[in-house]
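1. What follows is a predicted protein model with its sequence.
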Amino acid sequence: AVIFDGEKRLSAYGTFATVKHKLTLAVFDDSNLDRGEFPEFLRKQGEVAWHTWDCSFLRAHDDERILAPFSAALRKLVFELAHADSSGQGR
């Protein structure tokens with residue numbers, strides 16, 4: 001699993017595409033912020049996706065603070081996997 005938080009949606013999808021074959025789950029933060037364009041993009045790509053527009057839940061639960069350590073670790077792993085794949089080393 002990987003959480004994309006920080007990298008913009010279409011750019012994050014490009015990163016996702018490089019490691020998709022190794023994942024069971026990917027989370028794209030803020031996919032609701034572009035008036036549904038990213039959910040529509042995912043649908044056109046044939047991706048199975050679920051989205052929420054419930055920002056009140058996020059504010060109430062301070063998810064950024066809770067998820068920050070996991071997000072940093074997952075970003076590092078995705079970076080390492082992407083660079084290992086591009087060098088032919090694999091993991």
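-> Okay, I see it. For clarity, every value in this text was computed on a predicted model and none was experimentally measured. Numbers count the residues shown, from 1 in each chain.
2. can we go C-alpha only for contacts and neighbour counts from here?
-> Noted.
3. quick one, helices of this protein?
-> 9-19, 37-44, 55-61, 63-86 (DSSP state H).
4. Any chance of those in a markdown table with mean neighbour count as columns?
-> Formatted as a markdown table, the helices of the chain follow (neighbours: other CA atoms under 10 Å):
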| stretch | mean neighbour count |
| --- | --- |
| helix 9-19 | 15 |
| helix 37-44 | 14 |
| helix 55-61 | 10 |
| helix 63-86 | 14 |
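5. Scan the helices and strands of this structure for the one with the lowest mean pLDDT.
-> Sorting the helices and strands of the chain by mean pLDDT, DSSP states H and E puts helix 55-61 at the bottom, at a mean of 68.
6. of the helices of the chain, which approaches Val2 most closely?
-> Checking these against Val2 by CA to CA gives helix 63-86 as the closest, at 5.7 Å.
7. Report all helices and strands that that closest one contacts.
-> strand 2-4, helix 9-19 (3 or more CA pairs under 8 Å, 6 or more residues apart in numbering; DSSP states H and E).
8. Kindly report which one of those carries the lowest mean pLDDT.
-> Lowest mean pLDDT within these: strand 2-4, a mean of 89.
9. can you pull up the bridge partners for Val27?
-> With DSSP bridges applied, Val27 shows beta-bridge pairing to Ile3.
10. how about it, what does it touch?
-> Val27 makes contact with Ala1, Val2, Ile3, Phe4, according to CA atoms under 8 Å, 6 or more residues apart in numbering.
11. Give me the residue ranges of this protein where confidence is low.
-> 53, 55, 57-59, 61-64, 66, 85-91 (pLDDT under 70).
12. Swap in 50 and give it another go.
-> Confidence mapping of the chain against pLDDT under 50 gives the ranges 91.
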